[in-house]
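# Generate coordinates for the sequence data below:
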Amino acid sequence: SGMEGPGEYLKKIGKALRDPIKGFGLLTGFAVGKVKDTVAHDHLANVHPKLSEAVGKFNEYAKELHGATERVLMKYGKEIILKQFIQRRLADMTIDLYAMVAVISRVDTLLKQKSASVEQDLLLANTFVDEAWRRVRRNSRQIDDNIDKERKQVAEMIYESGYPWTTNV
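Sure thing, here's the model as predicted:
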């Protein structure tokens, strides 16, 4: 039946989740596929023209998230599980992109319904999307160009010897 193939695949995913190191390749393929399915379609379609700038920002960085995910998986392989700063950046990008789509979708519906508050909604949406886009862009850039090594050194120093500027006032 049509469910047999996906069912077998999901069984393999379940087994890989129980032993993630052995099943890393399978999990990686699954994760990349989910990212593609969730946010990395070619583009948002049939959205009101007043949202075109917001849609453009989303489309640009949805593709960037897809590329960044594949890039770090190729670069680090199994070691990606140890790269918490990179994982956080990818997660934050995904969250912001999801929120952007939710806002765009909601305001698109309001525009099509000719809501009385549509101008306010449009202003709020464009402001939110711009702020989210800036965060996504920053996280994307910091995947490859960052100070993670220094942050780790600072954390280790403070953990081992305490915060150096503590005063007993």
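
# Quick one: the helices in this protein, in order.
4-18, 24-39, 52-76, 84-112, 118-144, 148-161 (DSSP state H).

# now for those, which one comes closest to residue 45?
Set against residue 45 and scored by C-beta to C-beta, the helices of the chain come closest in helix 52-76, at 9.0 Å. To be clear about C-beta, it is placed using only N, CA and C from the backbone, and glycine gets the same treatment.

# And the closest one, how far out from the chain middle?
8 Å (C-alpha atoms, centre = their mean, to the nearest Å).

# Helix 118-144 and that one, what's the angle between them?
Interaxial angle, helix 52-76 versus helix 118-144 (axes from the mean of the first three to the mean of the last three C-alpha atoms, to 10 degrees): 20 degrees.

# in helix 52-76, what's buried?
54-55, 57-59, 61-62, 64-66, 68-69, 72-73 (16 or more other C-beta atoms under 10 Å).

# And those, which is closest to residue 158?
residue 72 (27.1 Å).

# shouldn't the closest one be in contact with residue 83?
Yes: if you go by C-beta atoms under 8 Å, residue 72 and residue 83 touch, sitting 7.2 Å apart.

# related to what we said a few turns ago, can you list the helices of the chain in JSON lines and add distance to residue 45 and mean pLDDT?
As requested, the helices of the chain are exported to JSON lines (distance: least, C-beta to C-beta, whole Å; pLDDT from 0 to 100):
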{"stretch": "helix 4-18", "distance to residue 45": "26", "mean pLDDT": "54"}
{"stretch": "helix 24-39", "distance to residue 45": "14", "mean pLDDT": "53"}
{"stretch": "helix 52-76", "distance to residue 45": "9", "mean pLDDT": "89"}
{"stretch": "helix 84-112", "distance to residue 45": "11", "mean pLDDT": "93"}
{"stretch": "helix 118-144", "distance to residue 45": "17", "mean pLDDT": "96"}
{"stretch": "helix 148-161", "distance to residue 45": "37", "mean pLDDT": "93"}
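
# ok, now which ones touch residue 61?
When contacts are counted by C-beta atoms under 8 Å, 6 or more residues apart in numbering, residue 61 touches 93, 97, 133, 136, 137, 140.

# Output the buried residues of helix 52-76 in JSON lines, with distance to residue 114 appended to each entry.
As requested, those are exported to JSON lines (distance: C-beta to C-beta, whole Å):
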{"residue": "54", "distance to residue 114": "19"}
{"residue": "55", "distance to residue 114": "20"}
{"residue": "57", "distance to residue 114": "25"}
{"residue": "58", "distance to residue 114": "23"}
{"residue": "59", "distance to residue 114": "26"}
{"residue": "61", "distance to residue 114": "30"}
{"residue": "62", "distance to residue 114": "28"}
{"residue": "64", "distance to residue 114": "34"}
{"residue": "65", "distance to residue 114": "33"}
{"residue": "66", "distance to residue 114": "35"}
{"residue": "68", "distance to residue 114": "38"}
{"residue": "69", "distance to residue 114": "39"}
{"residue": "72", "distance to residue 114": "44"}
{"residue": "73", "distance to residue 114": "45"}
